[in-house]
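**Q** all I have is the shape, not the residue letters:
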């Protein structure tokens with residue numbers, strides 16, 4: 001009887017502990033205002049129909065690591081992709097955020113649906129320091145559309161790292177590319 005009771009209690013405790021959600025480790029969720037994925041929060045089911053007057057692809061370099069010195073040749077960096085809608089009146093639709101590695105090979109998409117950035121809205125998305133799937137020459141390709149012709153989004157990456165007892169950060173701007 002005692003054995004069955006102990007077995008039942010330990011089974012109940014095991015089920016109870018495994019049913020709890022583990023703490024979220026994705027920094028995009030951890031550091032967001034409401035602890036939700038910022039991309040999922042901006043997703044839209046449908047982009048306005050018709051050909052948008054503004055469509056542009058952007059190449060955005062990401063430095064996942066840089067050379068330090070002969071003692072520590074590889075310094076890992078965290079990176080934030082920042083997409084900013086600079087329009088006071090018009091939404092911006094981001095229809096693609098794809099990640100490529102140093103060799104130009106496709107690594108993964110960041111979008112499953114298009115997202116809408118409201119006027120003056122910003123999306124920041126973190127690539128963790130230990131994510132070296134892109135290598136030292138990683139990059140994003142970002143596709144943006146708008147119902148207004150005169151939009152000019154600001155898209156860049158911000159890299160942050162430490163080396164020895166020093167910290168540093170730098171930005172890398174996007175450039176418009178042809179599809």
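**A** Yes, it's here. It should be emphasised that the depicted structure is a prediction, and the values quoted were computed from it without experimental measurement.

**Q** ok but residue 29 is inside a helix, no?
**A** Yes - using DSSP: H, G, I helix; E, B strand; the rest coil, the assignment for residue 29 is a helix.

**Q** bridged to residue 126, which residues?
**A** residue 80 (DSSP bridges).

**Q** tally of neighbours for it?
**A** Other residues within reach of residue 126, judged by other Cβ atoms under 10 Å, total 20. Bear in mind the C-beta positions are built from the backbone N, C-alpha and C, glycine included.

**Q** what of residue 138?
**A** Residue 138 has 23 nearby residues by other Cβ under 10 Å.

**Q** and it, how far is that from residue 174?
**A** 14 Å (Cβ to Cβ, to the nearest Å).

**Q** how about residue 78?
**A** 18 Å.

**Q** who has more neighbours out of the two?
**A** Neighbour comparison, residue 78 and residue 174: the larger count goes to residue 174, with 24 against 18 (by other Cβ under 10 Å).

**Q** which residues are in contact with the more buried one?
**A** 58, 59, 60, 142, 155, 156 (Cβ atoms under 8 Å, 6 or more residues apart in numbering).

**Q** let me see the ranges of the strands in this protein.
**A** 54-61, 65-67, 74-76, 78-84, 92-100, 106-109, 115-117, 122-127, 139-146, 154-163, 166-173, 175-177 (DSSP state E).

**Q** how close does the residue most central in space within the chain get to residue 83?
**A** The structure's the chain has its C-alpha centroid closest to residue 125; by Cα atoms, centre = their mean the separation is 3.1 Å. Noted for residue 125: a distance of 8 Å to residue 83, by Cβ to Cβ.

**Q** show me the common contact partners of those two, please.
**A** In contact with both residue 125 and residue 83: residue 97, using Cβ under 8 Å, 6+ apart.

**Q** show me how far stretch 54-65 is from its chain's centre.
**A** 12 Å (Cα atoms, centre = their mean, to the nearest Å).

**Q** let me see the mean pLDDT of it.
**A** What stretch 54-65 shows for mean pLDDT is 94.

**Q** so where's this protein uncertain?
**A** By pLDDT under 70, the weakly predicted segments of the chain are 1-24, 28, 31, 38-39, 41, 50, 179.

**Q** one more time with 50, if that's ok
**A** Segments of the chain classed as low confidence (criterion: pLDDT under 50) are 5-6, 11-23.

**Q** picking that back up, out of the strands of the chain, nearest to residue 43?
**A** strand 115-117 (5.5 Å; Cβ to Cβ).

**Q** elements contacting the closest one?
**A** helix 38-42, strand 92-100 (3 or more Cβ pairs under 8 Å, 6 or more residues apart in numbering; DSSP states H and E).

**Q** most tightly packed of these?
**A** strand 92-100 (a mean of 20; mean count of other Cβ atoms under 10 Å).
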